[in-house]
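*Asks:* I would like the atomic coordinates for the input below:
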Amino acid sequence: MLIRPATLNDIPAIMNLITEVVPAMNALGNFQWDTTYPNPQVFKNDIALHQLWVAEDDGIIAGVAAITTDQEPEYAQVGWDLNETAIVVHRLAVSIHHRGKGIAAKLMQQAEHEAARRGIKVLRIDTNSANKATRQLFPKLGYEYAGEIGLGFRPNLRFYCYEKRLG
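*Replies:* Below is the predicted model of the structure:
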C-alpha cells in the first residue's frame with residue numbers, strides 16, 4: 001500500500017472510484033455525494049493546492065482524501081473555534097473493491113502526518129449521519145464526536161463532526 005500525493009494523471013482513476021462509490025453510498029441511504037459532486041474540477045483544485053492524496057494498492061488507486069485546512073462555517077455550531085488552524089479531511093473515499101484493507105485508516109493517518117509536519121495540533125472531519133462505516137471508523141482512530149450540523153451546500157442532510165487533538 002502506497003499513500004502519495006495525487007497528480008492530474010490520477011483524475012480519471014479517481015473519478016472511476018467516485019463513480020463506483022456514489023451508488024453504493026446511495027444504496028445505504030447516504031446521499032452526501034451525487035453525479036455533480038465531487039467532480040473532476042474539485043479534484044483538480046485539490047491537486048493544484050497540493051492537498052489531494054491517493055492510496056495505491058498494487059498500482060491501482062484504491063482510495064482518495066483531500067487533506068486541507070478548509071473548515072466549513074457551520075463547524076462553529078459544534079463549538080469549534082474556526083480561527084484555530086486545523087487539518088480537515090474532505091472527500092474521503094475507498095473503492096468498493098478494496099474495502100476492509102484499512103485504506104481509509106491509512107489516509108487518515110496521512111492527515112495526522114501532515115498535521116504533525118505542519119505543527120497543527122487539531123484534526124477535524126465531518127461525515128453524513130447515514131455513513132455508518134465512517135461513524136465507526138473515526139472513534140476507533142481516536143476522534144471524538146463533537147456534534148451534528150447541517151451544511152448549506154447539502155440541504156436536508158445531517159452531518160456528524162469529529163475532532164482529534166494531537167499531543
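*Asks:* Flag the helix or strand of the protein with the lowest per-element mean pLDDT.
*Replies:* One helix or strand of the chain scores below all others by mean pLDDT, DSSP states H and E: strand 154-165, with a mean of 90.
*Asks:* and it, which residues are buried?
*Replies:* Under the neighbour-count criterion of 16 or more other C-beta atoms under 10 Å, strand 154-165 has F159, Y160, C161, Y162, E163, K164 buried. The C-beta positions use only the backbone N, C-alpha and C, and glycine is treated the same way.
*Asks:* now, among the residues you listed, which is nearest to G119?
*Replies:* K164 (15.5 Å; C-beta to C-beta).
*Asks:* show me what contacts that closest one?
*Replies:* For K164, the contact set (C-beta atoms under 8 Å, 6 or more residues apart in numbering) comprises E112, V122, L123, R124, L141, G142, Y143, E144.
*Asks:* So which bits of stretch 55-68 are buried?
*Replies:* Applying 16+ other C-beta under 10 Å to stretch 55-68 flags A55, E56, D57, I61, A62, G63, V64, A65, A66, I67, T68 as buried.
*Asks:* Please report how far R91 lies from T127.
*Replies:* The gap separating R91 from T127 is 11 Å, by C-beta to C-beta, to the nearest Å.
*Asks:* swap in A104?
*Replies:* Counting by C-beta to C-beta, the gap from A104 to T127 is 11 Å.
*Asks:* How about G63?
*Replies:* From G63 to T127 the distance is 15 Å (C-beta to C-beta).
*Asks:* circling back to that earlier point, which neighbours do A104 and T127 share?
*Replies:* Common neighbours of A104 and T127, using C-beta under 8 Å, 6+ apart, are T134.
*Asks:* hang on, the earlier thing: could the buried residues of strand 154-165 be laid out in a markdown table, adding distance to P38?
*Replies:* Output for the buried residues of strand 154-165, formatted as a markdown table (distance: C-beta to C-beta, whole Å):
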| residue | distance to P38 |
| --- | --- |
| F159 | 15 |
| Y160 | 19 |
| C161 | 19 |
| Y162 | 20 |
| E163 | 23 |
| K164 | 23 |
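*Asks:* how about the helices in the protein?
*Replies:* 11-27, 40-48, 103-118, 132-140 (DSSP state H).
*Asks:* With mean neighbour count, mean pLDDT and distance to Q77 added, can I get those helices in CSV?
*Replies:* Formatted as CSV, the helices of the chain follow (neighbours: other C-beta atoms under 10 Å; pLDDT from 0 to 100; distance: least, C-beta to C-beta, whole Å):
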stretch, mean neighbour count, mean pLDDT, distance to Q77
helix 11-27, 16, 95, 24
helix 40-48, 16, 98, 24
helix 103-118, 18, 97, 22
helix 132-140, 15, 93, 18
